[in-house]
Every structure is written in structure tokens, then in C-alpha cells.
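**Student:** compute the structure for the input listed below.
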Amino acid sequence: MSSARVRVEADGAIGRITLDAPERLNAVDPEMCDAVTAAVRSLDEDPSVRVIALTGQGRGFCSGAPLTAEGASMGVLEAGAELVRALLASRTPVVALVHGVAAGIGVPMALACDYVLAAEEAPFVLAFSRIGLMPDGGSTALVAAAVGRARAMRLALTGEALDGRTAAAWGLVAEAVPGEGFEARAEELLAAFATGPTLAYAETKAAVNAASVDVEAALALEDAGQRALAVTEDHREGAAAFVGKRRPEFRAR
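**Tutor:** Residues are numbered from 1 along each chain as shown. Have a look, this model is predicted:
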């Protein structure tokens, strides 16, 4: 299951998936998304695996998708959506271990997991508006389900960063801990899930997701909106400004 950029291992009852592109803060391409999707589904089918951990190597969790001055690739749009579907559908509980930045598609990748443990200093950033795009990967549903409409709008429209401590206070993530205690708490949490009532977890997450997140409707709207925005001058300007480290000049065209 492992690939050059995604490491997968079964550690007893714990399945571990690690994004392994630390030099770009684990920004994901379509192939990486596909590899994580395949790993989630394979580990979910393994009866010896009772909890799945999703994390990133190095300083970041996932910084989104790679961006050039010409704009974003739409390949991650489809692959990221399929990854979010796999995380939500998994009957095995999935824990996101967010020790560093989660941006762009990294945000819904974390939120589609069943329990998000964040380091207090880890930033969560829906940075799409900064480059003339809209949130995708089910973000429009997952963020609103977690923090409500007003705060979801704030995060999506402003592109501001929310640290892990505030993310936990808002209800965006389940728990935030100081960085120096992150690894110990992560292992404690995984051990608890690995020895818990697996069947009850599966039915619980299915019911909660069904009641709170209409992800298919969100993904359909995001797909149409993102494809329309990807060909605008505003997106090209936003991407060029981001790469050039300058302020964009959006002209609504």
C-alpha cells in the first residue's frame, strides 16, 4: 500500500498512514490522495486493525495542493473528494494527528476523520479565497457542521489561520494539546481506540455523519464552483501573487 510519498503500516491493532513529503509540508498531489484513499480502504477491511491514524511527516500535517504561478491543478479536486468519502465511510475509527499546519485540502482531510487531535500551535487555514478559489474537499459542509455557519463563513471568506487551541475552543477539532505533549497524547488516544468497542464505534460514526454532514451535496457544488473559478483571471492573479509573495489585485473577472 505504501508509495514514495505515503507510508502505510499496521502496528498491531493500529493502522498508520503518513504523508511523506516534508519538504513541501506534505502538500498533496492526486497520486498521494489516491494512495491515502487506497490505504484507508485497505486498513478498514483488515479485521486486525481497530483504529487508523492519519498524520504527516516533518513540520506539517498537509499544506494543501502544490500551486504554481499558472494556478492550481484540478486533479486534487477529484482525488481529494474521493479521499474524504473514504474517510467518512470507513467503519474503523480514523484519528487525524495534526501536529503542524493543515491548509487547503488538508483541512477537510483532517475534519473527515472521526477524532482530530491538534497541537495547540498548529494552524488550520482555509486559504482558498487568497488565490481566488472556494473551499473544496467537502470543506463547506464539514467546517459548517463543526463550527456553525457564521464561523464557517469567517474562515472561508477571510482565509485567516486558526491555531489548534482556538480550533478546539470553537469545536472545529476534538482536542488540542501543547506541542511537547502531543506524541504522548496521540499514542494514549490510539491505544484507547484500539482496545475500545469497535462495532459500537462503527455504528456511532455512521449515524453521526448521516445526521450532520451532507457531504455529497457539498462536493457537487464545490466541484462545479471550483472548476468555474479555476479559469478566471482572478485565480490566475491570486496564484501569481501567492507564488510571487505579493498582494493580489482581484478584478472580479
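**Student:** span of stretch 55-62 from start to end?
**Tutor:** With Cα to Cα, to the nearest Å applied, stretch 55-62 spans 8 Å between its terminal residues.
**Student:** buried stuff in stretch 111-124?
**Tutor:** Across stretch 111-124, burial judged by 16 or more other Cβ atoms under 10 Å covers 111-120, 122-124. To be clear about C-beta, it is placed using only N, CA and C from the backbone, and glycine gets the same treatment.
**Student:** ok, these vs C33, which is closest?
**Tutor:** Of all the buried residues of stretch 111-124, C33 sits closest to A112, with 12.1 Å by Cβ to Cβ.
**Student:** wouldn't the closest one be in contact with L142 here?
**Tutor:** Yes - using Cβ atoms under 8 Å, A112 is in contact with L142, at 6.3 Å.
**Student:** common neighbours of those two, please.
**Tutor:** Common neighbours of A112 and L142, using Cβ atoms under 8 Å, 6 or more residues apart in numbering, are 84, 215.
**Student:** next one: M134 relative to V6, how far apart?
**Tutor:** Distance, M134 to V6, by Cβ to Cβ, to the nearest Å: 26 Å.
**Student:** actually E180, not the one I wrote
**Tutor:** Taking Cβ to Cβ, one finds E180 at 27 Å from V6.
**Student:** and what of S90?
**Tutor:** In terms of Cβ to Cβ, S90 sits 16 Å off from V6.
**Student:** and for A13?
**Tutor:** Distance from A13 to V6, by Cβ to Cβ: 21 Å.
**Student:** coming back round to it: more neighbours: M134 and V6, which one.
**Tutor:** V6 (24 against 17; other Cβ atoms under 10 Å).
**Student:** remind me which residues of the stretch 51-200 of the chain are low pLDDT?
**Tutor:** Applying pLDDT under 70 to the stretch 51-200 of the chain flags the ranges 69-71.
**Student:** so how many other residues sit close to F193?
**Tutor:** 22.
**Student:** which SS state does it fall under?
**Tutor:** Here F193 takes the helix state, with states given by DSSP: H, G, I helix; E, B strand; the rest coil.
**Student:** leaving out sequence neighbours, find the closest residue to it.
**Tutor:** Spatial nearest neighbour of F193, excluding adjacent residues (Cβ to Cβ, 6 or more residues apart in numbering): V51 at 3.8 Å.
**Student:** looking at this structure, which residue ends up farthest from its center?
**Tutor:** In terms of distance from the mean C-alpha position of the chain, R251 ranks first, at 29.9 Å (Cα atoms, centre = their mean).
**Student:** so that one makes contact with E233?
**Tutor:** Yes - the pair R251 and E233 qualifies as a contact (Cβ under 8 Å) at a distance of 6.4 Å.
**Student:** give me the subset of the buried residues of stretch 111-124 that lies in strands.
**Tutor:** 115-119, 123-124 (DSSP state E).
**Student:** gap between S139 and P178?
**Tutor:** Applying Cβ to Cβ to S139 and P178 gives a distance of 27 Å.
**Student:** and for A38?
**Tutor:** 34 Å.
**Student:** of these two, who's got more company?
**Tutor:** A38 (18 against 12).
**Student:** how about the more buried one, phi and psi?
**Tutor:** Main-chain dihedrals, A38, degrees, to the nearest 10: phi -60, psi -40.
**Student:** quick one, grab the pLDDT at it.
**Tutor:** pLDDT for A38: 97.
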